[in-house]
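K.L.:
Starting from these lines, generate the structure:
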Amino acid sequence: MTRFELHGAAFRRSLSAPWTFEGVELSLPPGVYGLFGPNGSGKSTLLECMAGIQSLGKGTARFVLEGRTLADKRFRERLGYVPQQFAFYEEMNAERFLTYAAGMKLIPAHLVPDRVTEMLEQFSLADYRKFRIGALSTGQRRRLAIAQAMLNDPHLLLLDEPLEGLDLEERTNVMERLHELASYSVIVIASHILTEIEHWIERVMFLADGRVEGPKTPQQWKTSLLHESVRGGAAFPPEREPTLEDVYMSYIGRRGDRHGT
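P.N.:
Below is the predicted model of the structure:
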């Protein structure tokens, strides 16, 4: 059994600051999850707390693998994480960087060369393995960041805006690689790109005003929108199926109405 859990989770920057999020309850088995919310809603902070980079102010986080709760070194060995702004060693070449990252992840030395080569090939970076990172394009750097996160075949993979700067073909390749992990790994993608990736995502969570709702399947969210529209007397246009972006805009609008905005 693999599962990531948050119970009563809350975070704030200081004792005098408002809660960035509060009362978050999640229990995530393997699969691909999308985390959506407005800019500044706390998506990146939530991922940092899930990764153990930030400490929760209240509540608990727990990652269970094969019936055991992992913590500290054992947790980090099974974690992959890509922040929105990834800090590279610009003078390293791509191959050297992945080799260095493999060592930091405690991958056995005899496995590192083949694993590095595999990641370079999977993310179309093999021809650039000797290029300085500082000379790579934005898309190549983004793919390299994702490659380092997947070096250790993680069971918990957290990605913050991983598709930013990638063209459609590159996005498709990245999502295909993620789906290869999804049968046994919990994968959470924080993103503002909804319509282009909604068919890749198995469950969706929305974060706004410090609250997380979901996860639900995209179809469950769309069905909820249709039901709410009918109850409100303003049925969704029958000529088209609602998109996840329609659901998102409705969700954010309803949150604003509750708060008088």
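K.L.:
Following element in sequence after the strand or helix carrying residue 115, please.
P.N.:
Using DSSP states H and E, residue 115 sits in helix 112-122. Using DSSP H and E, the helix or strand that follows helix 112-122 in sequence is helix 138-150.
K.L.:
In CSV, could you pull the C-alpha coordinates for that following helix?
P.N.:
The C-alpha trace of helix 138-150 is given here as CSV (Å, rounded to 0.1, in the frame of the first residue of the first chain):
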residue,chain,number,x,y,z
THR,A,138,14.2,27.1,-21.0
GLY,A,139,12.4,23.9,-22.1
GLN,A,140,15.6,21.8,-21.9
ARG,A,141,16.3,23.1,-18.4
ARG,A,142,12.7,22.3,-17.4
ARG,A,143,13.0,18.7,-18.7
LEU,A,144,16.4,18.3,-16.9
ALA,A,145,14.7,19.4,-13.6
ILE,A,146,12.0,16.7,-14.1
ALA,A,147,14.6,14.1,-15.1
GLN,A,148,16.5,14.7,-11.8
ALA,A,149,13.3,14.3,-9.8
MET,A,150,12.7,10.9,-11.5
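K.L.:
Give me the angle between that helix and helix 112-122.
P.N.:
For helix 138-150 against helix 112-122, the angle by axes from the mean of the first three to the mean of the last three CA atoms, to 10 degrees is 140 degrees.
K.L.:
ok so, going back, in terms of secondary structure, what does the helix holding residue 115 contact?
P.N.:
Helix 112-122 sits against helix 94-104, helix 138-150, with contacts defined as 3 or more CB pairs under 8 Å, 6 or more residues apart in numbering; DSSP states H and E. (Glycine included, C-beta is placed from N, CA and C.)
K.L.:
Please read off the pLDDT at residue 195 from the model.
P.N.:
You'll see residue 195 listed with a pLDDT of 75.
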